[in-house]
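**Student:** Structural data only, the sequence is not supplied:
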């Protein structure tokens, strides 16, 4: 990650144990253990709130960390969960997976690790688009 801004782990969990993903205390403790396991520094306490309706209802987690954030949504209806961890400090995906299994027992899990802000990547198309946008905005003023 030498040339990158950070890591972004995107996790889709399937068929977790319903009582585990619907318990605010369990989700809060998950956040605390995860922050410790991946050696992050929490900024404040985890925010865990139940909201939504229909098949979207469930708990949502937001934990700010010194190097960015940990977020998750846990769906009561399906037992699925969606967790994102973004940090400019490196962490190990395997450690996150272990904590997820410990707290939610999903039957399956899909993970994607993204490298954010990689300075080595070819962003010429993006830069060209950005410059066109800046020029257009200047014309409109």
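**Tutor:** Right, received. Where do you want to start? Remember, it's a predicted structure, so these values are computed and weren't measured experimentally. Numbers count the residues shown, from 1 in each chain.
**Student:** hang on, residue 30 in a strand?
**Tutor:** No - with DSSP: H, G, I helix; E, B strand; the rest coil as the criterion, residue 30 is helix rather than part of a strand.
**Student:** List the contacts of it.
**Tutor:** Taking Cβ atoms under 8 Å, 6 or more residues apart in numbering, we find residue 30 in contact with 61, 99, 100, 103, 104. Where you see a C-beta, it was placed from the backbone N, CA and C, and this is true even at glycine.
**Student:** Among those, name the ones in strands.
**Tutor:** residue 61 (DSSP state E).
**Student:** Give me the three-state assignment for residue 59.
**Tutor:** Assignment for residue 59 (three-state DSSP): strand.
**Student:** Surely it is in contact with residue 22?
**Tutor:** Yes - assessed by Cβ atoms under 8 Å, residue 59 is found in contact with residue 22 at 6.6 Å.
**Student:** The two: who's more crowded?
**Tutor:** Per other Cβ atoms under 10 Å, whichever of residue 59 and residue 22 has more neighbours is residue 59, with 22 against 18.
**Student:** Okay then, goodbye and thanks.
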